[in-house]
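*Asks:* generate coordinates for the sequence data below:
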Amino acid sequence: MKIALDAMGGDFAPQAAVAGALLAAERLAGKATIVLIGQEDAVRPLLPTTGFAPDAFEFVPATQVIEMGEHPAKAFQQKQDSSIAVGYRLLHGGEVDAFCSAGSTGAMLVGAMFTVKPVSGVLRPAIANFVPKLNGQFGILLDVGANAECKPEMLEQFGELGSLYAQYVLGIEHPLVGLLNLGEEEGKGTALTQAAYQLLKINPHIHFVGNLEGRDLFNDKAHVVVCDGFTGNILLKMAESVHEIMAHKNMHDPFFDRFNYEDIGGSPILGINDNAIIGHGRSTPMAIGNMLVQGYNMAASGIADQIKATFKS
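*Replies:* Have a look, this model is predicted:
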């Protein structure tokens with residue numbers, strides 16, 4: 001198995017990216033080769049010459065970098081030798097099994113949409129994130145930013161995508177799906193959530209438990225929490241701030257420590273034909289390493305094939 005990494009992506013690249021790749025290689029212990037993509041003069045000097053198996057790493061050159069401030073679609077189109085564009089070509093061509101980047105989120109979404117493309121039948125792919133639960137498990141929250149405005153049918157599909165990920169990657173046998181809303185009752189919410197409720201309620205592929213309130217995010221009422229990308233992104237950033245405040249005040253708690261984005265590493269794009277993960281722009285070596293391991297777990301689970309099979313039927 002091969003897991004590709006955009007070595008030029010992130011605020012601290014390429015140093016943090018390469019250091020994270022070393023951490024991941026130690027954890028994967030020969031189960032996968034990490035393919036580093038980037039500018040040769042910046043990346044190659046950082047690669048280890050000893051201490052790892054010869055096939056632990058591969059290097060693929062890419063002469064260009066998509067910067068955070070660039071227009072994602074224009075940059076992806078104009079910089080075809082960028083590390084993100086090259087990574088997606090490798091993924092689409094079957095040369096790697098997953099692609100990870102802490103670079104431009106917009107460019108990663110553009111590549112997902114126009115290179116590997118959405119699964120047939122999926123209206124819009126979603127970005128998922130992980131929610132720590134009080135019972136020690138993790139749940140899934142989606143969408144967290146790919147689709148600020150949604151149709152009811154999109155929210156229904158997010159429920160299916162999240163349920164499949166929870167089952168095949170997180171190992172939850174019968175994932176429970178809930179719709180984030182401003183009340184538990186069926187008739188609550190906007191026209192969007194009311195219509196989505198009716199679709200989720202009759203969907204045969206999921207175990208729908210109804211509406212969830214904001215206070216239910218961290219309890220065990222649902223493993224999968226569905227919302228539009230506007231709401232999900234606000235929740236995600238709020239959760240990140242909780243961990244930052246705790247750290248600033250030198251307060252530590254086993255539950256709130258799990259709000260640290262570094263522990264997960266990245267957010268998978270669900271509903272596309274291959275495995276792609278977007279990392280935080282501030283990703284540290286620890287975050288990069290965990291993102292690569294997550295990419296390995298996605299590829300090993302066959303989640304992309306499970307999604308294709310579900311939407312084909």
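
*Asks:* please make it C-alpha for all contacts and neighbour counts, starting now.
*Replies:* OK.

*Asks:* what is the least confident helix or strand in this structure?
*Replies:* Across the helices and strands of the chain, mean confidence by mean pLDDT, DSSP states H and E is lowest for helix 254-257: a mean of 90.

*Asks:* show me what counts as buried in that helix.
*Replies:* Neighbour counts over helix 254-257 (16 or more other Cα atoms under 10 Å) mark 256-257 as buried.

*Asks:* just checking, what packs against whichever helix or strand comes after that helix?
*Replies:* Counting by DSSP states H and E, the element after helix 254-257 in chain order, helix or strand, is strand 266-270. Judged by 3 or more Cα pairs under 8 Å, 6 or more residues apart in numbering; DSSP states H and E, strand 266-270 is in contact with strand 126-132, strand 276-279, helix 285-301.

*Asks:* which other residues reach the shortest one?
*Replies:* Think strand 276-279. Outside strand 276-279, the residues within contact range by Cα atoms under 8 Å, 6 or more residues apart in numbering are 98-103, 105, 108, 112, 265-269, 287-288, 291, 295.

*Asks:* make a PyMOL selection of whichever of those residues turn out to be buried.
*Replies:* Buried residues within the contacts of strand 276-279, by 16+ other Cα under 10 Å, are selected in PyMOL with:
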select buried, resi 98+99+100+101+102+103+105+108+112+265+266+267+268+269+287+288+291+295
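
*Asks:* point out where the stretch 201-313 of the chain drops to low pLDDT.
*Replies:* Within the stretch 201-313 of the chain, the segments meeting pLDDT under 70 span 313.

*Asks:* sorry, back to before: for residue 44, which of the helices and strands packed on strand 266-270 is the nearest?
*Replies:* Of all these, the one in closest proximity to residue 44, counting by Cα to Cα, is helix 285-301 (16.9 Å).

*Asks:* could you list every helix and strand that that closest one packs against?
*Replies:* Applying 3+ Cα pairs under 8 Å, 6+ apart, one finds that helix 285-301 contacts strand 2-6, helix 15-28, strand 98-101, strand 266-270, strand 276-279.

*Asks:* before we move on, what SS does residue 148 have?
*Replies:* The three-state assignment at residue 148 reads coil, by DSSP: H, G, I helix; E, B strand; the rest coil.
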